[in-house]
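In: Can you look at this prediction? I've put the sequence above it.
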Amino acid sequence: MKQIINQQKQYFNSNVTKPVVFRIEQLKLLRSVVKSHERVLTEAIYKDFGKGNFNTYLTEFTGVYHAIDKAIKNVRKWSKWKNAATNMVNFPGRSYIIPEPLGACLIIGAWNYPVNLTLVPAIAAIAAGNTVVVKPSELAAHTSEVLSNMISQHFDPSFFAVVEGGVKETTELLAEQFDKIFFTGSVPVGKTIYEAAAKNLTPVTLELGGKSPLIVAPDANLKTTVKRLVWGKFVNAGQTCIAPDYVLVHSSIEQSFLSLLKKEIEAGKYSFANDNYAQIISKKHFNRLVSLIDPAKVFVGGNHDHANRIVAPTVVTNVSVDDKIMEDEIFGPILPVLTYENIDDAISFVKSKPKPLALYLFSEDGSLHRRIWNEISFGGGMVNDVLMHFVNDNLPFGGVGNSGIGSYHGEAGFRSFSHFKSVIRRPTFIEFPIKYFPFSKLKSLLIRKAFGV
């Protein structure tokens, strides 16, 4: 491990990774390698989750291919020096902002989308001109093994390497001095990552989570609301960091909403046979989810299969804010439905919780849209849809407060793995004596004039 990191630092300091041509070559190679391993990666994800081909391609590979293509197309523009205005006291100099790579980067991937959430940050790091060590999640063990073999067979480990393992290996990695750490995962582990990074003053991007609310206003188009909500909540069996964690529905439409919700879940026919569902990643997570289900409050679902780690799409009602299910992020196919009487109550409730990674509002009222955006802090979100803001890489994706630090996707990812160096170049053919000794009242007056005092 130490050898790989030292080699990466030496490789970076040789300046090999900095030319844009090199970056593009490596991105093209990565695209080719992922494409040639698409089948074996799909098989590995099936072994880890039981997730079928369609959902795997949709949720894993489309984002990776798009991220690579966007980086290849734009990396020259992103990497260019930018001219900046020069103030009067530096006249006649010229000012520049120069993007430069940070160096050796550590990317700790997540298990819920083990290809996308591991490789997309790596793509950003490569585009920015860094070397990369990837640590895939050990929970998606089959996918981790394929990623390790795939990358080690096609890339110089001095540039791009994989370290497999669990807590022990991650702890050892965090003891080393990287130039950037990128982590996707839970809030508790994110805090551990942040603490370790602080010892070396290493910059971090933390993509965490939280209880992302979905608010349904009285004027919402309920049929569309329910259709989009059910898809977004139960894709990947709810194991999505930006999945709606709970619903706040206006009391006047609660029964209509629940009736449509039940019909839509039944129509979805969620099962492995239909290629539209997934296993819970581990027995530990399965047992945690089952413990959250109060049979007396189940409106739909509640069934579970311990042997196959399956929890059926479940809706619970009559939920109290003090219930266990409302304490932490659910990260599974259980949806609590709460009601509110007026929007002030809903806003106050959301604001009383840690800042969520996502927020969703279903309403046709533009003034309500703006009020929610202005009054509630959250990482990102949508009006009248769920999850799909994640795939618009023109938008930075990231959390705020407890839900994360920093952002990525598209140019935001390039910026996350870059330092923007500020420099001024001044000519030597002229020099003004105003800042030099001896001082005078005239010089003092001119300085005050120059700074507008």
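Out: Arrived safely, thanks for sending.
In: Going along the chain, name the helices of the stretch 1-150 of the chain.
Out: For the stretch 1-150 of the chain, the helices defined by DSSP state H, counting those that start in this stretch occupy 2-13, 20-36, 38-49, 53-56, 62-79, 116-127, 141-154.
In: These: which one's closest to Val400?
Out: Closest to Val400 of the helices of the stretch 1-150 of the chain is helix 116-127 (C-beta to C-beta; 18.4 Å). Any C-beta I mention is one placed from the backbone N, CA and C, and that applies to glycine too.
In: and that closest one, what does it pack onto?
Out: helix 20-36, helix 62-79, strand 104-108, strand 131-135, strand 180-184, strand 407-408, helix 410-416 (3 or more C-beta pairs under 8 Å, 6 or more residues apart in numbering; DSSP states H and E).
In: could these be laid out in CSV, adding mean neighbour count and mean pLDDT?
Out: Putting the helices and strands packed on helix 116-127 into CSV (neighbours: other C-beta atoms under 10 Å; pLDDT from 0 to 100) gives the following:
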stretch, mean neighbour count, mean pLDDT
helix 20-36, 16, 98
helix 62-79, 18, 98
strand 104-108, 27, 98
strand 131-135, 25, 98
strand 180-184, 26, 98
strand 407-408, 22, 98
helix 410-416, 22, 98
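In: possible to save these as a markdown table with distance to Asn200?
Out: Converted to a markdown table, the helices and strands packed on helix 116-127 look like this (distance: least, C-beta to C-beta, whole Å):
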| stretch | distance to Asn200 |
| --- | --- |
| helix 20-36 | 26 |
| helix 62-79 | 26 |
| strand 104-108 | 11 |
| strand 131-135 | 15 |
| strand 180-184 | 9 |
| strand 407-408 | 21 |
| helix 410-416 | 18 |
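In: domain ranges for the protein?
Out: For the chain, automatic domain parsing gives the domain ranges 2-208+405-420, 213-398.
In: Start and end of the last one, how far apart?
Out: Read that as domain 213-398. 16 Å (C-alpha to C-alpha, to the nearest Å).
In: Average pLDDT for that domain, rounded please.
Out: Confidence over domain 213-398 (mean pLDDT, whole number) is 97.
In: Next, the contact list for the most centrally placed residue in the chain, please.
Out: Residue closest to the average C-alpha location in the chain (C-alpha atoms, centre = their mean): Glu207, at 4.5 Å. Applying C-beta atoms under 8 Å, 6 or more residues apart in numbering to Glu207 gives the contacts 110, 117, 182-185, 241, 397-399, 404, 406, 408.
In: what about 6 Å?
Out: Thr184, Gly404 (C-beta atoms under 6 Å, 6 or more residues apart in numbering).
In: Provide the backbone phi and psi angles at it.
Out: Backbone torsions of Glu207, given as degrees, to the nearest 10, read phi -100, psi 100.
In: Give me the pLDDT value at it.
Out: 97.
In: Tell me what it is bridged to.
Out: Thr184, Gly404 (DSSP bridges).
In: Could you list the residues in contact with stretch 275-283?
Out: Residues contacting stretch 275-283 (C-beta under 6 Å, 6+ apart): 49-52, 54, 111, 139, 236-237, 270-271, 286, 309, 311.
In: Which of these are buried? Put it as a PyMOL command.
Out: Of those, the buried ones can be selected in PyMOL as follows, counting by 16 or more other C-beta atoms under 10 Å:
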select buried, resi 49+50+51+52+111+139+236+237+270+286+309+311
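In: nearest to His369, of the contacts of stretch 275-283?
Out: Asn236 (27.8 Å).
In: Excluding covalently adjacent residues, which one is nearest to that closest one?
Out: Among residues not flanking Asn236 along the chain, Ala278 sits closest, at 5.2 Å (C-beta to C-beta, 6 or more residues apart in numbering).
In: what about that neighbour, how many neighbours?
Out: Other residues within reach of Ala278, judged by other C-beta atoms under 10 Å, total 27.
In: That one and Phe234: what is the separation?
Out: When distance is defined by C-beta to C-beta, to the nearest Å, Ala278 is 9 Å away from Phe234.
In: same check, this time on Leu357
Out: 18 Å.
In: Have a look at those two and say which one is more surrounded.
Out: More neighbours surround Leu357 than the other of Leu357 and Phe234, with 29 against 26 (other C-beta under 10 Å).
In: so what's that one up against?
Out: Gly209, Gly210, Ser212, Cys241, Ile242, Gly379, Gly399, Ser403.
In: Nearest spatial neighbour of it, chain-adjacent residues omitted?
Out: Ser403 is the one closest to Leu357 (C-beta to C-beta, 6+ apart), at 3.9 Å.
In: pLDDT score assigned to that neighbour?
Out: On the pLDDT scale, Ser403 is placed at 97.
In: burial measure for it, as a count.
Out: There are 28 residues near Ser403, going by other C-beta under 10 Å.
In: shouldn't it be in contact with Gly379?
Out: Yes: using C-beta atoms under 6 Å, Ser403 makes contact with Gly379 at a distance of 5.2 Å.
In: For Thr224, pull up the helix or strand it's in.
Out: helix 222-234 (DSSP states H and E).
In: how far away is the residue nearest to the centre of the chain from Asn83?
Out: 33 Å.
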